[in-house]
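In: using only what follows, build the 3D model:
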Amino acid sequence: MAGIEQSSYYDRRYRQSPALIRARKPYLVKNAVLGIGIFAFAAGIYAYTLKVVGQDEFEDVKVPDVPAKRINKN
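Out: Just a heads-up that it's a prediction; the model follows:
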């Protein structure tokens, strides 16, 4: 396909063209706010999970007094 160039918003050194910068400008703040919101939601779930798991006392788990003996089958 000689003679047909691929249209791109990037130049030959892979820098953003002015057209790409103009096209992305209206969405920059919206995307940043959404990204911060998603990150805060995930971090909140993670912190809550660690808090809840840290409160577990494991009182319902039975621990044997004497370790189980190993059976050798030779």
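
In: touching stretch 30-43 from outside, list them.
Out: The contact list for stretch 30-43, computed with CB atoms under 8 Å, 6 or more residues apart in numbering, is empty. The way it works is simple: take the backbone N, C-alpha and C, and place the C-beta from them, glycine included.

In: before we move on, what SS does Val52 have?
Out: Put simply, Val52 is helix when judged by DSSP: H, G, I helix; E, B strand; the rest coil.

In: distance from the helix or strand hosting Ala23 to the middle of the chain?
Out: Secondary structure assigned from DSSP states H and E places Ala23 in helix 18-24. Distance of helix 18-24 from the chain centroid (CA atoms, centre = their mean, to the nearest Å) equals 27 Å.

In: for that helix, list every residue counted as buried.
Out: Of all the residues in helix 18-24, not one is buried under the rule 16 or more other CB atoms under 10 Å.

In: average model confidence for it?
Out: Taken as a whole, helix 18-24 has an average pLDDT of 91.

In: alpha carbons of that helix, in CSV - could you do that?
Out: Presented in CSV, the C-alpha positions along helix 18-24 are these (Å, rounded to 0.1, in the frame of the first residue of the first chain):
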residue,chain,number,x,y,z
PRO,A,18,-2.1,20.2,18.6
ALA,A,19,-5.3,18.6,17.2
LEU,A,20,-5.1,15.8,19.8
ILE,A,21,-4.5,18.3,22.6
ARG,A,22,-7.5,20.3,21.5
ALA,A,23,-9.7,17.2,21.3
ARG,A,24,-8.7,16.0,24.8
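
In: list the helices and strands it packs on?
Out: Here helix 18-24 touches no other helix or strand, going by 3 or more CB pairs under 8 Å, 6 or more residues apart in numbering; DSSP states H and E.

In: residues touching that helix, excluding its own?
Out: Tyr9, Tyr10.

In: please redo it, this time with the cut-off set to 10 Å
Out: Ser8, Tyr9, Tyr10, Asp11, Gln16, Ser17, Leu28, Asn31 (CB atoms under 10 Å, 6 or more residues apart in numbering).
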